[in-house]
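Sequence plus the predicted model coming up.
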Amino acid sequence: MKQKLLVHFATFSMATFVMMFVNMLSGVVYNNAAILSLMVVCAACTLFCNVFLYYVTADFGNILTVFGVLGIVYIGSKLFGWELSILDLVMSGVLTIGLIVANYELNSQTAKKMNQQLEILKEAAKEAEQSDDLQ
C-alpha cells in the first residue's frame with residue numbers, strides 16, 4: 001500500500017511540475033486559485049491514469065487513457081474557466097504519454113526489487129536445504 005501511494009504521489013508531482021513549468025515557459029502567471037485548480041486537475045488525471053491502467057489490461061488501454069485524460073483536462077478547463085487551445089490539449093496528451101512511461105518505469109523498478117528479494121529468498125532456501133542434506 002505504501003509503495004502504491006509513493007507511485008501515485010511521484011506521478012502527481014511529475015504531472016504538476018511539468019504542467020506548471022510548461023505553462024510558465026509560455027508566459028502564464030499563477031495565483032493561488034490557478035495553482036489549486038491545476039493541482040486538482042493533475043490529481044484527477046493521475047488518479048485516473050493509475051487506476052485505469054491498473055485495471056485495464058487491453059492493448060489499447062494506453063490510448064484510452066490518453067483520451068480519458070484529455071477529457072478530464074477539457075472538463076477541468078470548463079469548470080475553472082481556462083481558455084485552452086488545441087496546442088494545450090495536445091500538450092496534455094503528450095504529458096499523459098510521459099506519465100504512462102514514468103508510471104511504467106516506477107512499476108518496473110518495484111518489480112525488479114521484488115524479483116531480487118525473491119532470488120535472495122530462493123538462494124537462502126537452497127542453502128538451508130543443502131545444509132539439511134549434509135546433516
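Right, received. Where do you want to start? Residues are numbered from 1 along each chain as shown.

which residues in the protein form helices?
Using DSSP state H, the helices of the chain run over 2-25, 32-55, 61-80, 86-134.

Format the ones you listed as JSON lines; extra columns: mean neighbour count and mean pLDDT.
Yep, even glycine has a C-beta here, placed from its N, CA and C like the rest. Shown next, in JSON lines, are the helices of the chain (neighbours: other CB atoms under 10 Å; pLDDT from 0 to 100):
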{"stretch": "helix 2-25", "mean neighbour count": "15", "mean pLDDT": "78"}
{"stretch": "helix 32-55", "mean neighbour count": "16", "mean pLDDT": "83"}
{"stretch": "helix 61-80", "mean neighbour count": "16", "mean pLDDT": "82"}
{"stretch": "helix 86-134", "mean neighbour count": "13", "mean pLDDT": "81"}
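
residues contacting Leu87?
By CB atoms under 8 Å, 6 or more residues apart in numbering, Leu87 lies in contact with nothing.

brain fart, Val18
With CB under 8 Å, 6+ apart, Val18 has these contacts: 95, 98.

Any figure for the gap between the closest residue to Gly68 other than its chain neighbours and Leu25?
What sits nearest to Gly68 in space, not counting adjacent residues and going by CB to CB, 6 or more residues apart in numbering, is Phe48, at 5.5 Å. Separation of Phe48 from Leu25 (CB to CB, to the nearest Å): 25 Å.
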